[in-house]
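K.L.:
return a 3D structure for these sequence lines:
(one chain, ligands or ions: 2)
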Amino acid sequence: MIQGALRLFLMIVLVGCVLLPHALVAGDAESVAPSLEELLLNGAVKGKVKRLWGGNDVKFVIRIEDGSKQGLKVIFRPEHLVDEWKHRKEISAYRLARLSGIDNVPVTVSRALPQKFFKNAGEKTLARLVFREGMLEGAVQVFVNGAHDPLGEEGYAWARDHLAALSEPAQPITMDLGEARQFSRLLVFDFLQSNPDRFSGGNLLQTDDGSYWFIDNADAYFGCTRPKRRVQQLSHFDRTQVAALRQLTKSGLEGELRALLGPKQVGRIWKRLQVVLQRVDGLIAEHGEDNVLF
Ligand SMILES: Nc1ncnc2c1ncn2[C@@H]1O[C@H](COP(=O)(O)OP(=O)(O)O)[C@@H](O)[C@H]1O
Ligand SMILES: [Mg+2]
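P.N.:
Ligands and ions are numbered 1, 2, ... in the order given. Predicted structure coming up:
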């Protein structure tokens, strides 16, 4: 009896101290995201909306009531007059990441906020945004605290070196496996969403736990051959991501993304997904699964 109680106590300590903190690390696919999504969708806005300066697009920092003193820090990326797609691409990037088994895109949801929250944003800013019936649509995204840009101007060289290290089929991976896995995922992810704008600076962040965060996905879905060339050179793939891609169906993909991107783009993602799996299957046929998936 006492032993049973002790075991239960130890289990609770294990879950609380060891498993839960890991759920907050990028890469753990089924983590706390659903409840975070819920909070971003419905949580009350706390305090004032502030502008996040820098870059071309308008972005705001908002706090959402989460029981803490400061509230949860999020970025609101609103709908722009000149481009009705950008904020939708941010939401679809998050959904596509989840569908492909990866947690490297901060939780992002679609939400409309009342126009009155933005009344101090300035005329010029407001003139760039789309207000409908007193509401502003946009993407609400978790702000990754403590994240920094680890690459700066060296992004392209870093990507080239990492890719070279993962290009030789059936060769042991010599770099840190966590780093290699996230890099491999990133190349697959950016090919799926045809995103050429990753290594130019500021779009790949890292936190101290080693997690990479794939942010700023607004310039995806451009015809660009570079992401494809990278995947066709890549010879080591993340087992979890590949398993998730194999599970995906075209209708599943459409169900999640069609309303955000339209049917044409979803069809293209589906085609690119086949290209990835062909590459993986070709390598596996030649070198064996354990030399390709890790
Ligand atoms: N979700 C986020 N978490 C933490 N920092 C972010 C996040 N989104 C953006 N940032 C910060 O804001 C900068 C600009 O955002 P970004 O989405 O790259 O837009 P742009 O490049 O158009 O300015 C990023 O380089 C990063 O420093
Ligand atoms: Mg950027």
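K.L.:
tell me the contacts of Val144?
P.N.:
Neighbouring residues of Val144 by Cβ atoms under 8 Å, 6 or more residues apart in numbering: 106, 205, 207, 213, 215. Quick note: C-beta positions are derived from backbone N, CA and C, even for glycine.
K.L.:
quickly check these for the two that are furthest apart.
P.N.:
Thr207 and Ile215 (11.8 Å; Cβ to Cβ).
K.L.:
in terms of neighbours, single out the busier of these two.
P.N.:
Taking neighbours as other Cβ atoms under 10 Å, Thr207 and Ile215 compare with Ile215 leading, 23 against 17.
K.L.:
is that one in contact with Val107, as I believe?
P.N.:
No. Look at Ile215 against Val107 with Cβ atoms under 8 Å: they stay out of range, at 11.8 Å.
K.L.:
mutual contacts of the two, please.
P.N.:
With Cβ under 8 Å, 6+ apart as the test, Ile215 and Val107 both reach Gln141.
K.L.:
out of the contacts of Val144, who's nearest ligand 2?
P.N.:
Using Cβ to the ion, the shortest approach to ligand 2 within the contacts of Val144 belongs to Ile215, at 7.1 Å.
K.L.:
phi and psi next, for that closest one.
P.N.:
Torsion angles at Ile215 (phi, psi; degrees, to the nearest 10) stand at phi -110, psi 170.
K.L.:
can you tell me the closest non-neighbouring residue to the residue in the stretch 101-250 of the chain that ligand 2 sits nearest to?
P.N.:
Here the residue of the stretch 101-250 of the chain nearest ligand 2 is Asp216; by Cβ to the ion that distance is 3.6 Å. In this structure, Asp216 finds its nearest non-sequential neighbour in Asn203, 4.2 Å apart by Cβ to Cβ, 6 or more residues apart in numbering.
K.L.:
who's in contact with that neighbour?
P.N.:
Going by Cβ under 8 Å, 6+ apart, Asn203 touches 197, 214-216.
K.L.:
which parts of this protein are strands?
P.N.:
Here the chain has its strands, by DSSP state E, at 45-51, 60-64, 72-78, 108-114, 131-132, 135-142, 204-206, 212-214.
K.L.:
which other helices and strands contact the first one?
P.N.:
Counting contacts by 3 or more Cβ pairs under 8 Å, 6 or more residues apart in numbering; DSSP states H and E, strand 45-51 is packed against strand 60-64.
K.L.:
tell me where the model's unsure across this structure.
P.N.:
Applying pLDDT under 70 to the chain flags residues 1-34.
K.L.:
which residue is the nearest non-sequential neighbour of the residue most central in space within it?
P.N.:
Residue closest to the average C-alpha location in the chain (Cα atoms, centre = their mean): Val105, at 1.7 Å. Spatial nearest neighbour of Val105, chain neighbours left out: Ala97 (4.0 Å); criterion: Cβ to Cβ, 6+ apart.
K.L.:
quick one: residues contacting the one you found.
P.N.:
Contacts for Ala97 (Cβ under 8 Å, 6+ apart) come out as 103-105, 189, 214.
K.L.:
likewise Leu192?
P.N.:
Counted by Cβ under 8 Å, 6+ apart, Leu192 has contacts 96, 100, 269, 272-273, 276.
K.L.:
equivalent analysis for Phe117, please.
P.N.:
45, 49, 62, 136.
K.L.:
give me that answer again for 6 Å
P.N.:
By Cβ atoms under 6 Å, 6 or more residues apart in numbering, Phe117 lies in contact with Val49.
K.L.:
and it, how far from Thr125?
P.N.:
According to Cβ to Cβ, to the nearest Å, Phe117 stands 13 Å off from Thr125.
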